[in-house]
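Engineer: requesting a structural model of the entry that follows:
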Amino acid sequence: MPCRPAIASMSLGRAWVHHLPEKLKQASEAGFEGIEIFYEDLEYFASNYGDNKKESSLLAAAQAIRDICDDNKLTIIGLQPFLFYEGLVDTKEHASRITKLKLWFKLVKIFGTDTIQIPSNFLQEGITGDLDVIVQDMREVADLGLQESPVVQFAYENLAWGTYIDTWEKMWEVIERVDRPNFGCCLDTFNIAGRVWADPASPDGKTPNAEEDLRLSMEKLRRTIDIRKVFYVQVVDAEQMTEPLIKGHPYYAEDQPARMSWSRNARLFVYETDQGGYLPVVEIAKVILKDLKFDGWVSMELFSRTLAYTESTIPHSHAQRGIAAWKKLKSELVL
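Structural biologist: Numbers count the residues shown, from 1 in each chain. Next comes the predicted model:
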């Protein structure tokens with residue numbers, strides 16, 4: 001299928017501020033064809049069905065969300081994020097994640113999707129960077145997914161602030177070593193550029209050798225990535241900080257890496273340069289969508305302080321900003 005536009009439910013407003021049905025309605029009316037469901041949205045919505053920690057409430061909420069999406073002609077492209085999984089040292093913690101995963105299998109069946117996204121682990125303690133352990137953990141979930149009917153696939157994503165897996169190259173090494181047909185990735189322009197090219201803690205917002213490092217990274221990506229293992233793509237920009245994101249900055253958090261604080265507060269849709277967007281998003285998107293001929297879902301995923309704004313117009317404005325970004329990208333890249 002040709003590239004199709006999707007947006008994350010979280011991108012339209014925070015779960016405890018803006019109601020999910022309205023967010024889904026606005027996404028549909030804007031022209032989006034797909035939606036990524038954030039577990040936080042599901043869990044919050046499940047409060048309507050009793051204790052939102054109980055499986056019965058979550059399953060009932062999932063069915064209601066599926067019905068709303070069907071009414072709005074939205075395809076659910078995946079459920080995310082399955083957090084803090086790989087590399088756990090505590091075997092009991094690992095086992096609890098596997099138990100949770102079995103609930104997620106039920107949820108994705110209700111949603112009518114086959115994709116669960118796993119972001120790279122960013123815990124600072126209690127995990128190992130031993131690649132053998134990480135690969136074995138990922139083989140475990142992949143093999144469990146293969147036993148499901150229909151098969152459940154996993155989209156691994158490198159977060160720019162991941163403790164050990166923070167670049168697409170490290171992520172791809174895990175994917176190759178896992179070597180399962182249902183274990184691939186989500187390529188995110190923010191997380192690629194936000195690690196190899198950008199640094200919100202530096203005075204100019206860039207790494208020391210940003211341009212050359214990005215050029216080499218994109219050349220390697222063209223040569224390396226098997227596009228069949230890219231399950232969907234996220235296209236998003238971010239604000240350039242007017243001051244380095246270090247102690248004293250409004251977004252600084254002592255317990256978070258600078259890139260994480262930046263991501264949570266200051267992402268933008270592509271082309272929003274008037275609001276401070278500055279990442280080489282289109283350059284990266286061109287490599288993935290044109291050079292590698294990606295053919296599938298493209299999600300305009302956004303995190304920002306604006307998602308918590310209480311104005312009732314927030315879901316509408318974010319949906320309109322997101323679809324405008326998609327249309328401009330589609331036109332520029334002739335998708």
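Engineer: tell me the SS of the nearest residue to Leu101 once chain neighbours are set aside?
Structural biologist: What sits nearest to Leu101 in space, not counting adjacent residues and going by C-beta to C-beta, 6 or more residues apart in numbering, is Val141, at 6.2 Å. Any C-beta I mention is one placed from the backbone N, CA and C, and that applies to glycine too. Classification of Val141 using DSSP: H, G, I helix; E, B strand; the rest coil returns helix.
Engineer: got a list of what Val141 touches?
Structural biologist: Taking C-beta atoms under 8 Å, 6 or more residues apart in numbering, we find Val141 in contact with Tyr85, Ile98, Leu101, Ile118, Phe154, Phe183.
Engineer: cool, Thr115 as well?
Structural biologist: So Thr115 contacts Ile77, Gly78, Leu79, Val108, Val152, Gln153, Phe154, Ala155, Phe231, Tyr232 (C-beta under 8 Å, 6+ apart).
Engineer: could I have the buried ones of these as ChimeraX selection syntax?
Structural biologist: With 16 or more other C-beta atoms under 10 Å as the criterion, this ChimeraX line picks the buried residues out of the contacts of Thr115:
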select :77,78,79,108,152,153,154,155,231,232
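Engineer: got the phi and psi for the nearest residue to Lys290 once chain neighbours are set aside?
Structural biologist: Take Lys290 and drop its neighbours on the chain: the residue closest to it by C-beta to C-beta, 6+ apart is Leu333, 5.5 Å away. Reported as degrees, to the nearest 10, the phi and psi values for Leu333 are phi -90, psi 0.
Engineer: from what I can see Leu333 touches Ile284, true?
Structural biologist: No - taking C-beta atoms under 8 Å as the definition, Leu333 is not a contact partner of Ile284, at 11.4 Å.
Engineer: low pLDDT regions in the stretch 151-300 of the chain?
Structural biologist: Applying pLDDT under 70 to the stretch 151-300 of the chain flags no residue at all.
Engineer: which parts of it are helices?
Structural biologist: Ranges of helices in the stretch 151-300 of the chain, per DSSP state H, counting those that start in this stretch, are 168-178, 189-196, 210-224, 258-266, 281-286.
Engineer: may I ask which helix or strand encompasses Val108?
Structural biologist: For Val108, the enclosing helix or strand under DSSP states H and E is helix 91-111.
Engineer: how far does the helix or strand just after that helix sit from its chain's centre?
Structural biologist: Downstream of helix 91-111, the first helix or strand assigned by DSSP H and E is strand 115-119. Average the C-alpha atoms of strand 115-119, do the same for its chain, and the two points are 8 Å apart (C-alpha atoms, centre = their mean, to the nearest Å).
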